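A.B. asks: give me coordinates for this.
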Amino acid sequence: MGSLGPFELVLIFLAILLIFGAKRIPEIARGLGKGIKEFKSATSEISRELNVNEPANRIHPNPPTHGASTPRTDASQQAAPPAADQPPQNPAN
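C.D. replies: The predicted structure is shown next:
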């Protein structure tokens, strides 16, 4: 199914004009405009309410306090313990 061409749009407009008449079309368009405007304002109001009522911990969650593991560190920052079968090395040698 393709898009509507100019000929189809003219036929639809003429059918609407014949059904409703020239005096009623501006009233219908005004009513449609008001309905769309109210719908947009209601949608934006609901989204504003949802953003205001959203809990703060969902935006910036606190780190877990119970049962939390220790944070990982970079391997270059960790000092490896000496192996049990090797004596400690003396850097002065």
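A.B. asks: remind me what the strand or helix carrying residue 32 packs against, helices and strands.
C.D. replies: Following DSSP states H and E, one finds residue 32 within helix 24-53. Packing contacts for helix 24-53, counted by 3 or more C-beta pairs under 8 Å, 6 or more residues apart in numbering; DSSP states H and E, involve helix 6-20. Heads up, the C-betas are built off the backbone N, CA and C, glycines and all.
A.B. asks: tell me the angle of the helix it packs on relative to helix 24-53?
C.D. replies: Between helix 6-20 and helix 24-53, the angle comes out at 100 degrees (axes from the mean of the first three to the mean of the last three C-alpha atoms, to 10 degrees).
A.B. asks: mean confidence for helix 6-20?
C.D. replies: Confidence over helix 6-20 (mean pLDDT, whole number) is 90.
A.B. asks: now for it, which elements pack on it?
C.D. replies: Where contact means 3+ C-beta pairs under 8 Å, 6+ apart, helix 6-20 is packed against helix 24-53.
A.B. asks: list the buried residues for the helix it packs on?
C.D. replies: Buried positions in helix 24-53, judged by neighbour count with 16 or more other C-beta atoms under 10 Å: none.
A.B. asks: quick one: average pLDDT of it?
C.D. replies: Mean pLDDT, helix 24-53: 90.
A.B. asks: who's in contact with residue 44?
C.D. replies: Residues near residue 44 by C-beta atoms under 8 Å, 6 or more residues apart in numbering: none.
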